[in-house]
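> One predicted model, sequence on top.
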Amino acid sequence: MNKKQAELLNGIALAYIGDAVYEVFVRDYLLGKGITKPAELQRQATKFVSAKSQASIITAMEEDQFLSEYELTYFKRGRNAHSKTTAKNTDVVTYRISTGFEAVIGILHLTGEENRLQEIWDFCVAKIESNSGTNDTRTTLT
């Protein structure tokens, strides 16, 4: 897929690939930390992949003005996309914000922006690890 084709994808399709890419980042990171027990891997992964966590990351990115205008365009495309599925464990607003987060990951992956993906991943790790032990899952972005 070329850049133009990727940029024409809808927000749900971008979130679909973004979810998978982000999951690989998380799994690589957790295994790299030496965690190998399945229950612990699952517990730790939830800190990164839950809709609440992803919404919290987006809120922190907004506060730090971390995302470019280009990335915000794809965040909004994902957030505003009409999905036929809903999350079981969170509200609609948080679910939509997390879909926007995944859309950003998706567009960066599909357009080959590997350095930027790494910067975003580093931001995510710093945010999640700093919140470990707290319940800071604010979702104030509207």
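Right, received. Where do you want to start? Numbers count the residues shown, from 1 in each chain.
> got any ranges where the chain has weak pLDDT?
Along the chain, the model assigns pLDDT under 70 to residues 133-142.
> repeat that with 50
Applying pLDDT under 50 to the chain flags the ranges 134-142.
> hey, which helix is longest across it?
Counting by DSSP state H, the longest helix found in the chain is helix 11-32.
> now for that helix, which elements pack on it?
Applying 3 or more C-beta pairs under 8 Å, 6 or more residues apart in numbering; DSSP states H and E, we find helix 11-32 packed against helix 38-49, helix 69-79, helix 92-110, helix 114-131. Heads up, the C-betas are built off the backbone N, CA and C, glycines and all.
> Deepest-packed of these, please.
helix 92-110 (a mean of 25; mean count of other C-beta atoms under 10 Å).
> gap between that helix and the chain center?
Centre-to-centre, helix 92-110 and its host chain are 6 Å apart (C-alpha atoms, centre = their mean, to the nearest Å).
> Show me what that helix packs onto, helices and strands only.
helix 3-7, helix 11-32, helix 51-63, helix 69-79, helix 114-131.
> on that earlier part again, buried residues in the longest helix of the chain?
11-19, 21-22, 25-26, 29-30 (16 or more other C-beta atoms under 10 Å).
> ok, back up a step: what I need now is the helices and strands packed on helix 11-32 written out in TSV, including distance to residue 58 for each item.
TSV is the format used below for the helices and strands packed on helix 11-32 (distance: least, C-beta to C-beta, whole Å):
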stretch	distance to residue 58
helix 38-49	13
helix 69-79	7
helix 92-110	5
helix 114-131	10
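> and of those, who's closest to residue 2?
Residue 2 lies closest to helix 92-110 among the helices and strands packed on helix 11-32, at 9.1 Å (C-beta to C-beta).
> Output that closest one as PDB, restricted to C-alpha atoms.
The C-alpha trace of helix 92-110 is given here as PDB (Å, rounded to 0.1, in the frame of the first residue of the first chain):
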ATOM      1  CA  VAL A  92     -18.400   5.400  24.300                       C
ATOM      2  CA  VAL A  93     -16.300   8.500  24.600                       C
ATOM      3  CA  THR A  94     -13.300   6.700  25.900                       C
ATOM      4  CA  TYR A  95     -13.700   4.000  23.300                       C
ATOM      5  CA  ARG A  96     -13.800   6.500  20.500                       C
ATOM      6  CA  ILE A  97     -10.700   8.300  21.800                       C
ATOM      7  CA  SER A  98      -8.800   5.000  21.900                       C
ATOM      8  CA  THR A  99      -9.900   4.300  18.400                       C
ATOM      9  CA  GLY A 100      -8.400   7.600  17.400                       C
ATOM     10  CA  PHE A 101      -5.200   6.700  19.100                       C
ATOM     11  CA  GLU A 102      -5.100   3.500  17.200                       C
ATOM     12  CA  ALA A 103      -5.800   5.300  13.900                       C
ATOM     13  CA  VAL A 104      -2.700   7.500  14.500                       C
ATOM     14  CA  ILE A 105      -0.600   4.400  15.000                       C
ATOM     15  CA  GLY A 106      -2.100   2.900  11.900                       C
ATOM     16  CA  ILE A 107      -1.400   5.800   9.600                       C
ATOM     17  CA  LEU A 108       2.200   6.200  10.800                       C
ATOM     18  CA  HIS A 109       2.800   2.500  10.300                       C
ATOM     19  CA  LEU A 110       1.200   2.400   6.800                       C
END
